[in-house]
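Colleague: Here is the input, now give the coordinates:
(one chain, ligands or ions: 2)
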Amino acid sequence: MTLEHAAARSLDEQRPAVFDTIAVIGAGSWGTALALTAWRAGRRVRLWAREEHVVDAVARERRNPFLPHADIPEELLVTNEMEEALAGADLVVLVSPSQHLRAVAGRVEPLIPRSVPVVVCAKGIERETGYLMGEVIEEVMPGREMAVLSGPTFAGEVAQDMATGVTVAAAQDDTRDGFHDDHLAARVAVTFASESFRPYVSDDVRGVEIGGAAKNVIAIACGVAEGLGLGSNARAMIITRGLAEITELGLAIGARLETLLGLAGAGDLMLTCSSTQSRNFSYGKALGAGEEAVRRADGPVVEGAENAQSVVALARRLGVKMPVCETVLGILDGAPVSASMKELMLADLHPEAVGASDDWTTPHPARIELEEERLSA
Ligand SMILES: NC(=O)c1ccc[n+]([C@@H]2O[C@H](COP(=O)([O-])OP(=O)(O)OC[C@H]3O[C@@H](n4cnc5c(N)ncnc54)[C@H](O)[C@@H]3O)[C@@H](O)[C@H]2O)c1
Ligand SMILES: O=P(O)(O)OC[C@H](O)CO
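Modeller: Numbers count the residues shown, from 1 in each chain. Ligands and ions are numbered 1, 2, ... in the order given. Have a look, this model is predicted:
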């Protein structure tokens, strides 16, 4: 059977076994929404919160300040004790911000049996090492089975039980053809699936990871354009050229095109680039509008700002051109916002096709004119 044929067989026919007891590690907005999703799907759920004030708030009013509008049911245990959260778990879901994943996974590793798989939900690339999230896990939790879960998912909507689709990816045994009911991604999919939460299964871990990491940087660029009042055409251009950048980077690390065009790639890019529900978009919008763009260590994470440097560093290492991401990095480093976006418009002209800018480029005529005017002034 070919991979395509096997993938087309429904998971219902195959009946992968669900995980019963889920430890969600990280009680920010996404960890809390995922804990609610697993609880609604009928699982026993424990949620580990790093901050004591979160556990206190849940005990007092069944609300988490990171996700203030969601009611947290009594049956969902919320604790500061890592051991208590992990006790008896047959699946561990890691939902810390990307730059803290290593430390958090390092705390989890000695506390769970070798047989317990992990699902990584952070979106980013580790700054110090340039590692994708899965590579961090391979180093900190060697030999452990791992899946990644990503896609267009505002935590607030997921918490309100609104229709959402995600991609869950886990490596496949090369010696076997197609998807099987013991494939970790399939087991995670049936564990979380509900009427309103629809996971799709994949074996392209890198594709899912890179889409989630890079789209946040592009979302900042879209926010900047919004803040500057550049209009809807500009936003569509940035999203589309952003997708071209993500595609080129993804292909360079061995991701598949279908994944980059799927929920965890194009889907998440569209969502994050077009709504003030996105922290990344809103942060960029404040920068574009010349307002104070605030990031607090104890506040909501802005992964695009945390990861612009690591995304650009990976692209430079692989010889991939990412002008939109480069521009965002420049702005974050203090370059003038409006002039940086203008420079993006006046960059060399080249073919649209992904990877084709090496074939043919020519200086932008308007830029040459400006330079000549400047010289003659
Ligand atoms: N919020 C969403 O809508 C959403 C959706 C999908 C994926 N994600 C991803 O989930 C990950 C977690 O983001 P979030 O939105 O849940 O966070 P959040 O912004 O809601 O909350 C911040 C989180 O960071 C944690 N934190 C702060 N300092 C820390 C430290 N030193 N060590 C460990 N943890 C620390 C806090 O405990 C808290 O859980 C990110 O990679 C994000 O991109 C978020
Ligand atoms: O609020 P953002 O910008 O961190 O985006 C949240 C999710 O990643 C959207 O899928």
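
Colleague: Now for Glu83: which residues touch it?
Modeller: Leu111 (C-beta atoms under 8 Å, 6 or more residues apart in numbering). For every residue, glycine as well, the C-beta is placed using N, CA and C.

Colleague: Hmm, I typed the wrong one, I wanted Val55.
Modeller: Val55 sits next to 49, 78-80 when contact means C-beta under 8 Å, 6+ apart.

Colleague: Could you dump these into JSON lines with secondary structure, distance to Ser338 and neighbour count added?
Modeller: Formatted as JSON lines, the contacts of Val55 follow (DSSP: H, G, I helix; E, B strand; the rest coil; distance: C-beta to C-beta, whole Å; neighbours: other C-beta atoms under 10 Å):
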{"residue": "Ala49", "secondary structure": "coil", "distance to Ser338": "41", "neighbour count": "25"}
{"residue": "Val78", "secondary structure": "strand", "distance to Ser338": "45", "neighbour count": "23"}
{"residue": "Thr79", "secondary structure": "strand", "distance to Ser338": "48", "neighbour count": "18"}
{"residue": "Asn80", "secondary structure": "coil", "distance to Ser338": "45", "neighbour count": "16"}
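
Colleague: of all those residues, which two lie farthest apart?
Modeller: Farthest pair in the contacts of Val55 (C-beta to C-beta) is Val78 and Asn80. Separation: 8.6 Å.

Colleague: Common neighbours of these two, please.
Modeller: Jointly contacting Val78 and Asn80 under the rule C-beta under 8 Å, 6+ apart are 49, 55.

Colleague: which parts of the chain sit against ligand 1?
Modeller: 26-31, 50-51, 66, 95-98, 100, 103-104, 121-124, 153-155, 300-301, 303 (C-beta under 6 Å from any ligand atom).

Colleague: Now go through those residues and say which are in helices.
Modeller: Taking DSSP state H, the ones among those that sit in helices are 29-31, 103-104, 155, 303.

Colleague: Give me the distance between the closest residue to Arg44 other than its chain neighbours and Leu101.
Modeller: When the adjacent residues along the chain are set aside, Arg44 lies closest to Thr21, with 4.5 Å between them (C-beta to C-beta, 6 or more residues apart in numbering). Distance of Thr21 to Leu101, given as C-beta to C-beta, to the nearest Å: 22 Å.

Colleague: between the two, who's got more neighbours?
Modeller: Between Thr21 and Leu101, counted using other C-beta atoms under 10 Å, Leu101 has the larger neighbour count: 24 against 17.

Colleague: isn't the more buried one right next to Lys123, touching?
Modeller: No: using C-beta atoms under 8 Å, Leu101 makes no contact with Lys123, being 10.3 Å away.

Colleague: Can you pull the residues that touch both of these two?
Modeller: Met133.

Colleague: Need the per-residue pLDDT for the one residue in the stretch 1-150 of the chain that gets nearest to ligand 2.
Modeller: Relative to ligand 2, the nearest point of the stretch 1-150 of the chain is Lys123 (5.6 Å; C-beta to the nearest ligand atom). pLDDT for Lys123: 98.

Colleague: likewise Arg241?
Modeller: pLDDT, Arg241: 98.

Colleague: What count of nearby residues applies to it?
Modeller: By the measure other C-beta under 10 Å, the count of residues near Arg241 is 17.

Colleague: distance between the helix or strand hosting it and the chain's centre?
Modeller: For Arg241, the host element (DSSP states H and E) is helix 232-252. Taking C-alpha atoms, centre = their mean, to the nearest Å, the mean C-alpha location of helix 232-252 is offset from the chain mean by 16 Å.
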